[in-house]
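Fold the following for me, if possible:
(one chain, ligands or ions: 1)
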Amino acid sequence: MNRPTHAEVDPFGARLAAAVAARGPLCVGIDPHRPLLLDWGLGDDVDGLRRFTDAVVDALAGHVAVLKPQLAFYERHGARGVAVLEEAVARARAAGALVLLDAKRGDIGSTMDAYAEYLRSDHPMQVDALTVSPYLGPESLAPAVGTARSFGGGLFVLARTSNPDAATFQHALVGERSVAQTVVDTVGRWNTPDWLGGDPVPDPAAFADEQRRFGASTGSFGVVVGATLPELDVDLTGLRGPVLAPGLGAQGGTVADLRRLFGTDQAVVPTVSRDVLAAGPDAAALRAAADRWTAELTA
Ligand SMILES: O=C(O)c1cc(=O)[nH]c(=O)n1[C@@H]1O[C@H](COP(=O)(O)O)[C@@H](O)[C@H]1O
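Residues are numbered from 1 along each chain as shown. Below is the predicted model:
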């Protein structure tokens with residue numbers, strides 16, 4: 001197969017910065033769980049899934065910077081559920097939203113390479129970025145870094161997640177640093193031009209140029225840090241990339257929490273699922289719910 005090997009698009013970090021400048025920083029998660037489908041008057045079946053997804057994409061893909069579909073809610077309907085998402089992702093990207101596929105993948109090198117194919121331009125469901133899990137060791141994700149660099153994609157690595165039990169593993173020590181800090185520091189290295197781990201790095205000189213052109217604060221590799229944390233217990237100064245901050249609304253996090261945790265210098269992509277989706281299925285109501293968050297985030 002004659003496969004493309006090089007990005008013809010700007011790096012994800014630059015595309016994210018442009019989308020946020022144009023539309024505000026909000027990411028809306030697309031999480032069609034059963035109670036929500038029923039609340040919308042839809043069936044918990046492929047038809048309900050399609051109507052739900054189309055309504056969210058039609059209302060928001062031309063409106064917010066990032067849409068984050070959660071793959072689990074599509075996989076639970078089998079191949080036909082995934083087909084619904086595949087079609088929706090293409091439409092969302094065509095309407096100008098960046099699509100962050102919430103798949104939370106992580107495995108040994110060869111398998112990680114296959115998961116990372118979601119970022120390739122010849123994948124049937126190409127997305128702009130992917131959430132990944134570092135449980136097998138942060139360097140296990142290196143193949144995905146190579147693919148992301150080649151195709152202008154991004155990764156968000158779970159570091160300090162929003163769930164109550166998160167610290168059990170994430171505060172464990174690796175030498176003198178917590179697991180969460182080790183993840184942040186690893187991702188920070190991926191955002192520097194001299195990172196040569198993984199395979200392939202198609203053209204390190206071109207990559208270095210790219211990074212200089214777009215500035216250090218817009219790296220393509222980010223971490224997930226929950227907006228629900230009582231305090232920020234990781235040092236983000238070496239990250240050089242964005243933070244995806246879930247936990248707003250339904251999990252109790254507020255915009256004030258974001259400011260308290262991250263200040264104003266760190267690039268943060270706040271993500272909200274249930275609190276926005278509950279406003280549907282009416283398109284204007286969905287947009288109004290997203291607009292309320294955006295107004296508060298940019299005030
Ligand atoms: O990666 C995520 O998006 C994520 C990380 C995390 O630490 N906590 C978290 O809730 N999420 C996701 O955010 C979504 C829930 O968002 P809410 O409905 O706004 O609470 C789900 O899809 C979760 O998988």
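
low-scoring stretches of the stretch 101-250 of the chain, by residue?
Of all residues in the stretch 101-250 of the chain, those with pLDDT under 70 make up the ranges 194-217.

Starting from H171, give me the distance back to the residue of it found nearest the ligand.
Nearest to the ligand in the stretch 101-250 of the chain, going by CB to the nearest ligand atom, is T161, at a distance of 3.1 Å. Placement of C-beta: from N, CA and C, glycine included. In this view, T161 and H171 are 12 Å apart by CB to CB, to the nearest Å.

Which of those two has more residues huddled nearby?
T161 (22 against 14; other CB atoms under 10 Å).

contacting residues around the nearest residue to the more buried one once chain neighbours are set aside?
In this structure, T161 finds its nearest non-sequential neighbour in G226, 5.5 Å apart by CB to CB, 6 or more residues apart in numbering. By CB atoms under 8 Å, 6 or more residues apart in numbering, the contact set of G226 is 160-163, 166, 245-247, 251, 253.

Name the nearest of the residues you listed relative to P69.
When the contacts of G226 are compared for distance to P69 (CB to CB), P246 wins out at 13.8 Å.

Run a quick neighbour tally on that closest one.
Per other CB under 10 Å, the neighbour tally for P246 reads 27.

gap between it and A284?
Computed with CB to CB, the distance linking P246 and A284 is 25 Å.

Show me what from the stretch 151-299 of the chain comes close to the ligand.
By CB under 6 Å from any ligand atom, the residues of the stretch 151-299 of the chain that approach the ligand are 161-162, 224, 226, 246-247, 249-251, 271-275.

So what sits opposite V268 in the bridge?
V243 (DSSP bridges).

So for it, what's the pLDDT?
pLDDT recorded at V268 is 96.

now, among the contacts of G226, which is nearest to D233?
Distance to D233 across the contacts of G226 (CB to CB) is lowest for R160, with 6.9 Å.

Let me see the contact set for that closest one.
Residues near R160 by CB under 8 Å, 6+ apart: 166, 170, 180, 223-226, 229, 233-234.

that older thread, please state the backbone phi and psi of the residue of the stretch 101-250 of the chain closest to the ligand?
With angles defined as degrees, to the nearest 10, T161 sits at phi -80, psi 170.

repeat for A95
phi -90, psi 0.

Surely it and G62 touch.
Yes: between A95 and G62 there is a contact at 4.5 Å, judged by CB atoms under 8 Å.

Could I get the full set of strands for the stretch 101-250 of the chain?
Per DSSP state E, counting those that start in this stretch, the stretch 101-250 of the chain carries strands over the ranges 129-132, 154-160, 173-174, 177-178, 221-225, 243-245.

quick one: buried residues of the first one?
The one in question is strand 129-132. By 16 or more other CB atoms under 10 Å, the buried positions in strand 129-132 come out as 129-132.

Residues touching stretch 99-113, excluding its own?
By CB under 8 Å, 6+ apart, stretch 99-113 touches 27, 29, 66-71, 89, 92-93, 115, 118, 125, 127-136, 140-144, 147, 154, 156, 158, 244.

Pick the most deeply packed of the strands of the stretch 101-250 of the chain.
The highest average neighbour count among these, using mean count of other CB atoms under 10 Å, belongs to strand 221-225 at a mean of 29.

Sheet partners, orientation included, of that one?
Partners of strand 221-225 in its sheet, by DSSP bridges: strand 154-160 (parallel), strand 243-245 (parallel).

In the stretch 1-150 of the chain, what residue lies closest to the ligand?
For the stretch 1-150 of the chain, the residue closest to the ligand is Q70, as judged by CB to the nearest ligand atom, at 4.0 Å.

That residue: neighbour count?
Counted with other CB under 10 Å, residues neighbouring Q70 total 19.

Looks like it contacts S273 (just checking).
Yes: Q70 lies in contact with S273 (CB under 8 Å); the separation is 7.5 Å.

Which residues are in contact with each of these two?
29-31.

export the residues you listed to JSON lines and tack on secondary structure and pLDDT?
Shown next, in JSON lines, are the shared contacts of Q70 and S273 (DSSP: H, G, I helix; E, B strand; the rest coil; pLDDT from 0 to 100):
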{"residue": "G29", "secondary structure": "strand", "pLDDT": "98"}
{"residue": "I30", "secondary structure": "strand", "pLDDT": "98"}
{"residue": "D31", "secondary structure": "coil", "pLDDT": "98"}
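
quick one: contacts of stretch 38-54?
By CB under 8 Å, 6+ apart, stretch 38-54 touches 30, 32, 34, 36-37, 55, 69, 73-74, 77, 80-81, 84-85, 88, 278, 280-281.
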